[in-house]
Structures are given as C-alpha cells and as structure tokens.
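Peer 1: the following comprises the amino acid sequence and a computationally predicted model.
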2 protein chains.
Amino acid sequence: MALESPAVLTIAGSDSGGGAGIQADLKTFTVHGCYGASVVTALTAQNTTGVQAVHAVPPDFVKQQMSSVLDDIDVRAIKTGMLFDAENTKAVVQMLKGYFDVKGRIPLVCDPVCVSTSGHVLLQPEALNTVIDELFPLSDLITPNKAEAELLLSQRHSPFQIASLDNMITAARRLKKLGAQAVLLKGGHFAVSLKEVADFNSEDVQVIRDGLLDENSNILRIHGRNGHDINSVVVDVLCAPDSRITLFTRPRLESTSTHGTGCTLSAALACQLARGTPLTEAVRLAAAYTHTGIETATPIGSGFGPLNHVHSITPRLIVPRTKTNPYPLTSSLIQSTRTIWREYVQHEFVVLLGKGTLPKENFLHFIKQDYLYLKYYARAYALLAAKSHAYAPILAATEVVFHIVRESSMHVGYCAKWGITEDELNSTPESPALTAYGAFLIDIGMQGDPMRLSVALAACLLGYGEVGLWLKEEARAPNSWIRWDDNPYLKWMEDYSGDEYQKAVKVGLETLESRAAADVPSLVRFAEWRDVWERCTRLEKGFWDMAMKLE
Amino acid sequence: MALESPAVLTIAGSDSGGGAGIQADLKTFTVHGCYGASVVTALTAQNTTGVQAVHAVPPDFVKQQMSSVLDDIDVRAIKTGMLFDAENTKAVVQMLKGYFDVKGRIPLVCDPVCVSTSGHVLLQPEALNTVIDELFPLSDLITPNKAEAELLLSQRHSPFQIASLDNMITAARRLKKLGAQAVLLKGGHFAVSLKEVADFNSEDVQVIRDGLLDENSNILRIHGRNGHDINSVVVDVLCAPDSRITLFTRPRLESTSTHGTGCTLSAALACQLARGTPLTEAVRLAAAYTHTGIETATPIGSGFGPLNHVHSITPRLIVPRTKTNPYPLTSSLIQSTRTIWREYVQHEFVVLLGKGTLPKENFLHFIKQDYLYLKYYARAYALLAAKSHAYAPILAATEVVFHIVRESSMHVGYCAKWGITEDELNSTPESPALTAYGAFLIDIGMQGDPMRLSVALAACLLGYGEVGLWLKEEARAPNSWIRWDDNPYLKWMEDYSGDEYQKAVKVGLETLESRAAADVPSLVRFAEWRDVWERCTRLEKGFWDMAMKLE
C-alpha cells in the first residue's frame, strides 16, 4: 500500500473521543492507505454522549496550519468538516482560493457540518452564507444530511422539508444550484421502501442497489434472511456534475454506533477522489465502507458510539522486503522454529563431518538414504511443475528436477569411491526416517497449493545451504575446529558451500520471497507454512539422527 | 480485528503535517487495531521542514478533554507526548492522578518530548521538574532519546554525556531512579558496533538481536548482503521494573523519513501494553514496527518525511459477515461476474423449462449429459475429501459424494420414465461441453488448495439452487409466466427448489463463508477464486447451450 499513498488533507474539528472530526478522518485515510494531514479549526471536548466544550482555533492559526501543509506536502484531495465560525470559514476559503489559483484545483469534498447528532451547533449561523457563497463553488462534492440540506435550502429558498424520496431528489438538484459541482444528499436519517426506489428506476435515474442481494441472488436473500427488514432501505441521492441523479440503496441499520458517520463518509470519498476513482464508484465504495463500519462496530462509550474504522484491513505478518530484511518470509520461518532449526543445521552429524571424525559407516548410511531421498525430492518438484499455472514456474520446477537427477548420478560416482555400487544403492531398503520425510513431501504436494509445497521443499534446499555456508565460515576462523583440506568429507562440504549449490539456494530464496511479497500470506496461511516448515525441519533432523543411529 | 480493539488515549500535540503528534499516534493505533482517542495539549503548524508556529491549548480545556474521554471510554492504555508547558503538564498530571486514584492504574507510556528533531522547543524548561517529579512516578515506561536522557539526567545530576553503549546502560539505570517503572533509552541517534554489543552479552544483560539475521542464518546474511553495513547497529536499552537490562539491536538505517519516530514507537508501545503484551516483547514488536516504518517510507515533503505507518496492514476485500450481508464472499463472486451469472441462472433452457415449452429432446440430451457430469462431480468431492486435513471437512465432502451417487440413481429412475435405460445412459458419449467442465473441476482439484476446489464446486451447487428458487418465486407471482402444476418438468423444478436441495445449498454457503471469514483471502487469492468461479459459471452456461443446440 505504501507505493500508492496519496496525501489527503482534512480541515475540521478535533473530537477528543476519537469517533468524529479529524480523528475519524485520519483513521479513514489510514485504512485506505492514504497519507493524512490535518488542519484543526476547533477543538472539542467530546465523547459518545455529546460535546462538552469547544475551543475555537484563531483564524490566523488555521491559515498557518494550512500554509504549513500545502507549502510542503503534495496533497491530492481535501475534505472540509466542521469549520465552526465565520472567521475560520473565511480563513479556509481564502487559503483554498489562493492555493487553487497558484497550483490548480484538486478534488475538494465539503461536508457542510452544521449541527452534531447530539444537537450541538458546529457551524455558527453567520458562517452559513460564506459556506454557500464561497466554499461550495470551490467544491467538487458537498455531502449534506437531511437536516443540513433543509437548513441550506431554507437559507436561500422558502423553508423546505424533506419527507419523501421525491423530495430528496428535488433537494439534491436545488442544492447543486447553490454552486458545488455535485451533491450527495445522505439519507441515513430516512427510511424508504424498496418499492419507492423501484418506481424511480427510469432512464433519468440510475439506481445502484448495493448490498441489497436482489439481483439473481435468491439464494443469498432467502437463505440469508436474518430478521432485518429487507424492504426498508436507506437511499443516498447523488446529483452529478451533469445533473444526472443516482440513487445508492443499502439495507437500513438499527444501530447506536453512528457517531462520526458523516465525517467518515466524506473522508472515504476524499481518499477515492485522491486516487482518481470516478465519482459514482467513489460514492459507492465510500458508502459501503461506512455502512460496514456501522454494522461491525462494537459498543464504545455510553452514548452514540463510533464506527469500526478497521474492518477493511487485516494485519500483515510478513513485512515488505527491505534492504536490511530482504528475506522476511524465510527469516520469519527460521525465527519461529529457532530451536529445531539449530538442531538441524548444527546437528552432531554436521559437526563430526566438519571435524572429519564422522565414522565412515554413518556417512555411508546417510549417503545411501540420501540417494533414495532424492527420488522423492525430484518427484515432489515434478508435482510442483504439474501444479503450476504459468510457463516460468513450470520451467523453474522442471529445471530443479534435472538438477536433482544429475545430483543423483554424482551420488553414484561419489559412492563408487567409497566402494558402493549403483545396484547396492538401488537395493538399499528405505529407512523409516526417509519414508516419513519423502512421503510427507508428496502428501503436502497433493494436499495444497504450490506455495505450501515450495515451503516444504525449501527446508532441505536452504538447510543444506546453511550447513555448507556455516562450515565454510567456521573454517575461515583462526584455529578453527573445522578440518578442511584433508577432511575425508571435503567434497561434500565443497559441494554444499560451493557456487553452484549456493546459486540454487539464492534462486530458492528469491522465488519464495517474491511469491510471498506478491501474495502476502494471512495469519492462517503463514501458520500453515510455518507448520510445514517445522515438520520438514524435524524430518531433516530425524534424517541425521537416523544416520548417527544407523537405523 | 474489531473484536479486540482496546481503546488507547494519546495526550500530545497536534502536527498539522500528520507525521508526528496525535496524528502519528492515531495512525499507529489504527493499524494496530486499537481504538484511538486523543487529548490535544498544543496545536502546531508544522510540516516536514520544521515547526512554523505553536498554539497552546488552555490547561482547563486540556482537563476538559481528558474528562470527556476518561469519563466515557474504557481506555486500556495511555501515552503522553508533547505536553508543551508547565500548566498543561500539571493539568495532565492532576487528571491522571485523579483517574488512577478512582479507577486504578492502567499502563502509561511517557514519551518525554522536549525538543523537536528540527530543534524547536516542545517542552518549556519550567515543565521539566513536573514531568520528572510527578509524571514519571505515574509511568510504566518512559522513552527518552539520547538528547532527552542527557537533559533529564543533567537536570538532577551533574551533566551527563552519552558516548558509548556503556554510557547508555548507565543512563538507563539512572533514569529509572527518577521514578518511572521502566526506561527505554532509544539509540536511534547513535551507531554501535556489533562487537560492542557482543561484549555486553552476559547474564546480566539480555540481547535481542532483532532483524540482524545472524543466528544460524548464514544463508540470509550472505545472500542478502545488500550494501548496508551489518556491523553498525542501533541499540535501544531497556531497564525493566526489576532493573534488568535488555539490549534491542537492529540494523542502522540511513533515512530522512524519521519525522515522528519517537511518537510512533511510544504509540505502538501503548497498543501492545493495552493488549497485555509483556514489556520486553512489547518493546521488540514496537521497535520492529517503527524500524520497518522508516525503511519502507516513501518521501513526503521536502524535509524529514514521516514514517510509513501502513506497512503492517493489507486491504481486506471480503468484508466481515454481518446481518445485512451474511454471505459476503458469495455476494462478491456473484456481483463480480454479474452478466455471465445471469446468463447462466436465467438461461433460455431454464426459461423454456419453466414455461413447460422446452422440447423433450433438449431436456433428454441435458439429463443424459448431467448424469455423466455427476460422476466428475462426485470424483471432485472425493478429491476434496482427500485434500482435507481434519475429520469434519473429510466427512462433509464424503457425505456429498453419497448424495451425488444417490442423485445419480434418481436420474436413472427419472430417465426410465422418459424411456431411457441405464445402459443407454452409461453408453452416452460425453459432449465436449461436459468433458470441458468435468475435467476442469478435476484439474482445479489437482492444482490448488481445498478452498479453490470448493469455490469451483459451488458454481453448480449454488447456481442450480438459484434456478430452483427463482422459478419457484416467479411461479408465486399473480399471472406468472411459469407453468407449475402440469409442467412436464415439474419434478425437476420441485427437486431443485425443494427443502433437501436447498438445505445442501445453505450448507454450501455456510461452509464457503465460514472458511473465507476464518482465513480472509488476499486480493490475489480472491482474484484466483473469482477466476475459477467465472470459468465454472461459463462452463455451466455452456452446458445449457449444449442442451439447446443438441451438441
């Protein structure tokens, strides 16, 4: 998400309770992956039960905050919320005009906040004309609710009451004439029947039936009936720049978690417009985000609680690849199985091999079983190729099969030097430790997706690479415990620390990491991978236990 | 994340630029899944180049904000940042004492912000004694950086300069004696060599080598060497409540994206403590979050830019299951393939069948191919059982195999009525449309994980359920176009709209949705599921095209 983080600015009040104002805006920006800046017009001491006190910010300081942000940060959209009084409203308008004149226009969403849900006046009446006459003409979209729409229209026309869907459409059209490019009249305070909506479904009026489950979805509607009245809906009315009307319908919710709904919606709209989402789709997405925020909220405070702002994100366990952490998945796998991993890569077998004191019979038992293991390992890579969807991974897995088959013939030559014939190799019975490991790889390959199999295959590839590098690094130390040049197992150490094998290790690391970065695992998937990795690490350790015990 | 959203309060300054202060805190709280509330002590007009102006909030209004939050919201941890002047510091201390006396203590992290990175004084000198004498004793943890530690110690002792790791440990111990439960002395401004850290690795000093890739990780260290100096590290020193020292080491970063680092770290610490994470692990996690935030930041502004706060989250495409949207995965699948889904479930074949005017030969062609299709379908469910890891899904898939085999014998009986013998059924050649669909199911089953196969199998299960319910619903309308009672295909319509089949539909919906909710798909995985769903929907439409064309 970091790569596409447009900056969005909110100009609004601060809600100490965190449910509305710049707090709701910043939360919304953040979960939308946008970078949030904020200009505070007034501080409120506020919670879910109401507004206890307001501290207005001096107009010059509002201007100073706007300068600080706009002079330095490449803001891609702005929303205004509570402006509080005439002076601050004028200050905001003056700064916006100046900025737009110099830098050109950017999307501006104006939420004409006038009165809080709890009845507190959030825009002083004398500021209303400035909002209408000066701020609306700068706005791409204004987002009044029913009460605000009635107040705004009554300010310019005779008193206007909204009592039907028809009234809402009329109101949206009239509001647009006040000067904004577009109007979204919010219907959250207003129940409409599905039939009333259907009656408006004409060529002039587009209806977006979001979340209503009624288009070829009898199965969802009938099996999902859960006690809520599917005939009573909420309708938001959009009057677009071309004056066409779109109705956005959603199920009506009975909830007390509605504090900050308007702030959240306009903040989500600003995020969408900052990314260049077309207006109608922006409204659909922002309304859906807000709706789910209300419906998934858990109670906070004793009054009208805030929305759940974090329903649209999940934790990311594997961090992005960076310079200091280029292999975050592998690093997490190793760290989370630290003890067993160490028992594997620093196994007694490895230590004795490095010292050159490993008895020949243990090494021969190992090398014969390892020859048989490579058959399973080749088959598992062939299975990986069979499970892949694109030519590149099919080729990559197949190349590994080739390598393994070649490695097996090197085993044959290598074993010949120790007096073991190819017939003897092929007639060696499988040890239980080998069957367990080999069959487990094939089973994992049969069960799951290619990535899970790749993780299983990595424990061997990377572990032997680690053993090779460790022995080589240790051998370099002064007075090393490693016997290198005249070690009977020198070739084995050279093979696994050598360039060819380490090149395969690097390719394996890059493949795993690039796939995990392209499709970041959920906590559940990572747990599955970790489990497979740990099983394979144990099976690897078991393989060397087998060699030591000659089982 | 919604279910475990502890509320966390920040008491700090506002940074209009959004990189530090309550803005950084709220962003950090949000991505940690915590609910953020905020008390503003001072407003700053600030950006990445520095602090342009400060507007102090009156102490009474600070108190009023604290009352509003603490009287209403069940706060689980508090952090303090910039308190600005002596009056506000005293106001905060007084309110915290009062709250702790009445409600008991909750974790308090005090970030003793004194001077900004750009050199701006953020705590007036006369406030320093209040911080030390009154706020530290209330704090579970204080998090000074080098400059703040030197300032705090010099305030009480003779001037103290931190010039080595040894000095840092001494400073942390001395700072703890000022009254806080624990001290985290941050080492971000200070390069330490790995060797210097290794020398401190004694029984008295625990070292957490986070992100250093040096424990049995030669493969990561050597292959991941990317030009950064792995011997120069950053060390944070924790002096715990029992006075034991822990060193947290991380790679040193060269970055200008460091604005708000201290705010972010202390905010992340508050989140961890709010969840009850033990102190050492809380520090490790918070430091890792902050480190990755610096390293993955993209430049914003022309000065010291903010961290990337959103690296630890990914978007969640499938919303949580709610009352009004109980089947969000299925709903998304249907919505995202709307046109082809409609062409399938309202196919000409279905319409003619509903009218009772479908030619018998088309129906017979269909029913014979459908009999053969059920073999593939049963095999695919058997494969699903073979790929499942727990008894419950093994049983569920196997029960479906039983149902399908029973359904096939009903087909035999049903076909007999139309004069088709079982031999004729079994000797019917497969149409290409059938082979395509059946073999595709088996292929998907071989390739991927059980969930992908489940999505493939759902297109048939749910689609026929939709057809059945649609015909039945339409038949209920006055003057319906459906011929029901004397329709030659009545039994077919009754079967698919009937309780037994619809019970299977509901089980299928619940299974899909509960699995998707337990392991929410990434965008990539959802795209894979959507692709499989669309392919199967097309193949279903193709199946009825085949019946109409007698292919």
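Peer 2: It's in.

Peer 1: next SSE after the lowest-mean-pLDDT helix or strand in chain A?
Peer 2: Here the helix or strand of chain A ranked lowest by mean pLDDT, DSSP states H and E is helix A:194-199, holding a mean of 84. Downstream of helix A:194-199, the first helix or strand assigned by DSSP states H and E is strand A:205-208.

Peer 1: residues contacting A:Ile334?
Peer 2: A:Trp341, B:Asn216, B:Ser217, B:Leu220 (Cβ atoms under 8 Å, 6 or more residues apart in numbering or on different chains). (Each C-beta comes from the backbone N, C-alpha and C, glycine too.)

Peer 1: surely it is in a helix?
Peer 2: Yes: under DSSP: H, G, I helix; E, B strand; the rest coil, A:Ile334 sits within a helix.

Peer 1: ok, it to B:His311 distance?
Peer 2: A:Ile334 sits 21 Å away from B:His311 when distances are taken as Cβ to Cβ, to the nearest Å.

Peer 1: got the residues of the stretch 451-551 of chain A near chain B?
Peer 2: A:452, A:462, A:465-466, A:469-470, A:473, A:502, A:505-506, A:509, A:518-522, A:524-525 (Cβ under 8 Å from any Cβ of the partner chain).

Peer 1: which of these count as buried?
Peer 2: Buried residues within those, defined by neighbour count using 16 or more other Cβ atoms under 10 Å in any protein chain shown: A:452, A:462, A:465-466, A:469-470, A:502, A:505, A:509, A:519-522, A:525.

Peer 1: just checking: what are the partner strands of the strand ranked longest in chain A?
Peer 2: With DSSP state E setting the assignment, residue counts place strand A:35-47 as the longest strand in chain A. Strand pairing for strand A:35-47, using DSSP bridges, gives strand A:7-15 (parallel), strand A:50-56 (antiparallel).

Peer 1: pick the most buried one from these.
Peer 2: Highest mean neighbour count of these: strand A:7-15, a mean of 29 (counted as mean count of other Cβ atoms under 10 Å in any protein chain shown).

Peer 1: how far does that strand sit from the chain's center?
Peer 2: 24 Å (Cα atoms, centre = their mean, to the nearest Å).

Peer 1: with stretch A:321-328 instead?
Peer 2: With Cα atoms, centre = their mean, you get 18 Å for stretch A:321-328.

Peer 1: show me what counts as buried in it.
Peer 2: For stretch A:321-328, a neighbour-count test (16+ other Cβ under 10 Å) marks A:Arg321, A:Thr322, A:Thr324, A:Asn325, A:Pro326, A:Tyr327, A:Pro328 as buried.

Peer 1: which outside residues touch stretch A:217-231?
Peer 2: A:193-195, A:212-214, A:251-252, B:323-327, B:330-331, B:334, B:462, B:465-466, B:469-470, B:473, B:502, B:505-506, B:509.

Peer 1: gap between the two ends of it?
Peer 2: Terminal residues of stretch A:217-231 are spaced 15 Å apart (Cα to Cα, to the nearest Å).

Peer 1: also stretch A:415-425?
Peer 2: Where stretch A:415-425 begins and where it ends lie 8 Å apart, using Cα to Cα.

Peer 1: and what of stretch A:316-330?
Peer 2: Distance across stretch A:316-330, first residue to last, is 15 Å (Cα to Cα).

Peer 1: is any residue of that stretch near chain B?
Peer 2: Yes: on the criterion Cβ under 8 Å from any Cβ, stretch A:316-330 is in touch with chain B at A:Arg316, A:Val319, A:Pro320, A:Thr322, A:Lys323, A:Thr324, A:Asn325, A:Pro326, A:Tyr327, A:Thr330.

Peer 1: what's the most distant pair in these?
Peer 2: A:Arg316 and A:Lys323 (18.6 Å; Cβ to Cβ).

Peer 1: distance to A:Ile482 added to the strands paired with strand A:35-47, as JSON lines?
Peer 2: JSON lines is the format used below for the strands paired with strand A:35-47 (distance: least, Cβ to Cβ, whole Å):
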{"stretch": "strand A:7-15", "distance to A:Ile482": "55"}
{"stretch": "strand A:50-56", "distance to A:Ile482": "71"}
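
Peer 1: residues in contact with stretch A:102-112?
Peer 2: Contacts of stretch A:102-112 (Cβ under 8 Å, 6+ apart): A:12, A:70, A:75-81, A:96, A:100, A:123, A:131, A:135-136, A:138-144, A:148, A:152, A:180, A:262-263, A:265-266, A:269-270, A:273-274.

Peer 1: can I get it as PDB, trimmed to CA atoms?
Peer 2: What follows is stretch A:102-112, C-alpha atoms only, in PDB (Å, rounded to 0.1, in the frame of the first residue of the first chain):
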ATOM      1  CA  VAL A 102      -1.500  29.100  -7.900                       C
ATOM      2  CA  LYS A 103      -1.400  25.300  -8.000                       C
ATOM      3  CA  GLY A 104      -4.600  24.500  -9.800                       C
ATOM      4  CA  ARG A 105      -7.600  22.700  -8.400                       C
ATOM      5  CA  ILE A 106      -7.600  19.400  -6.600                       C
ATOM      6  CA  PRO A 107     -10.700  17.400  -5.500                       C
ATOM      7  CA  LEU A 108     -12.500  19.100  -2.600                       C
ATOM      8  CA  VAL A 109     -15.200  17.400  -0.600                       C
ATOM      9  CA  CYS A 110     -17.200  19.700   1.600                       C
ATOM     10  CA  ASP A 111     -19.100  18.100   4.400                       C
ATOM     11  CA  PRO A 112     -21.300  21.100   5.500                       C
END
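
Peer 1: avg pLDDT for that stretch?
Peer 2: Stretch A:102-112 carries an average pLDDT of 96.

Peer 1: in it, what counts as buried?
Peer 2: Under 16+ other Cβ under 10 Å, the buried positions of stretch A:102-112 are A:Ile106, A:Pro107, A:Leu108, A:Val109, A:Cys110, A:Asp111, A:Pro112.
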